[in-house]
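**Student:** Fold the following.
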Amino acid sequence: MFDINVGCGIWPFRPTPSGDVASMEALLRAEGITQACAYPLEAYLWPDPQEANELRLPELAESSFFVPSAVLNPTLPGCLKSYEQCRREWEVPMIRLLPGYHLYELDHPGVDALAKKAAQDKVVLGIHLRAEDERMQNPIAMVPFVPLKNAVALAKRHPALQVVVFGVGRPGEAGCLLVEGALRHLAEQPDSRPRTSVPENLWIELSFFEFESSFANAVKVFPVERLLFGTHAPLFYPRCNVLKIRNSEASASAKKAVLVENAMRLLEVSA
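**Tutor:** Numbering: from 1, shown residues only. Reported below is the predicted structural model:
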């Protein structure tokens with residue numbers, strides 16, 4: 001299994017499993033995960049996420065288990081310089097944005113400048129819509145989630161860029177991608193897949209996706225070739241998202257695509 005959504009580091013609001021590289025690898029391997037794409041967890045709250053990159057990425061890049069990915073804030077004046085450092089020193093295949101925590105919109109000029117550079121270099125751009133379920137947030141640090149439609153608009157503005165959306169919580173949040181009545185159709189005819197309008201360069205990570213028989217229904221809402229497995233460890237227990245797919249009534253081919261093949265194709269990594 002290839003886990004595309006792992007945070008390495010310390011989360012300040014509640015206890016989580018140890019965030020060092022060795023401990024995270026052991027935690028994930030215990031669930032049968034054989035590779036993972038990880039980012040520095042401290043980047044959510046530090047003023048400049050590049051400091052978190054410099055703390056965590058050297059060790060992640062040395063690991064044969066982890067694929068390192070960086071977090072950047074495109075509104076900061078040194079963003080593109082930080083991007084070049086992350087590419088040069090740690091060969092990151094993915095840059096992640098945390099707009100809800102870094103307080104900017106996805107139509108900010110800095111986002112488009114970074115997106116153009118990433119597309120040119122064939123680097124994937126990840127958009128985190130949320131870090132925690134809104135019901136679990138510390139009441140003194142409530143962060144609203146980023147609407148999926150904003151990430152979809154970014155993907156449409158940059159068709160040469162591969163965009164991964166992390167943190168889609170429920171089918172209703174994907175209304176901007178679904179034809180009218182699609183969710184009602186899903187409920188009424190569970191064996192029929194509704195029509196969608198998903199840009200060819202948009203990928204959906206599933207760790208937050210909540211619905212009855214969530215994975216089986218995810219492959220009816222989204223194209224299976226655009227779905228990605230992630231645990232969102234250490235903020236989520238990794239076993240939860242492993243079992244969400246393993247125990248699903250979805251087909252074996254769909255499970256294999258989402259657990260392994262899609263992420264490896266997206267990031268162009270080998271087993």
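
**Student:** For the rest of this, base every contact and every neighbour count on C-alpha atoms.
**Tutor:** Noted.

**Student:** ranges for the strands of the stretch 1-150 of the chain?
**Tutor:** Per DSSP state E, counting those that start in this stretch, the stretch 1-150 of the chain carries strands over the ranges 2-8, 35-40, 66-68, 70-71, 94-97, 124-128.

**Student:** can you put the ones you listed in CSV and add distance to residue 208?
**Tutor:** Listed next are those as CSV, based on distance: least, CA to CA, whole Å:
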stretch, distance to residue 208
strand 2-8, 11
strand 35-40, 17
strand 66-68, 21
strand 70-71, 20
strand 94-97, 17
strand 124-128, 11
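
**Student:** For residue 241, find the nearest of these.
**Tutor:** Closest to residue 241 of the strands of the stretch 1-150 of the chain is strand 2-8 (CA to CA; 9.9 Å).

**Student:** tell me the angle that closest one makes with strand 35-40.
**Tutor:** 30 degrees (axes from the mean of the first three to the mean of the last three CA atoms, to 10 degrees).

**Student:** In this protein, which residue is most central in space?
**Tutor:** residue 166 (3.3 Å; CA atoms, centre = their mean).

**Student:** Check the gap between it and residue 147 for me.
**Tutor:** 11 Å (CA to CA, to the nearest Å).

**Student:** Show me whatever sits in contact with both of these two.
**Tutor:** residue 129 (CA atoms under 8 Å, 6 or more residues apart in numbering).

**Student:** picking up where we left off before, residue 197 is nearest to which of the strands of the stretch 1-150 of the chain?
**Tutor:** strand 124-128 (18.8 Å).

**Student:** which parts of that closest one are buried?
**Tutor:** Buried residues in strand 124-128, counted by 16 or more other CA atoms under 10 Å: 124-128.
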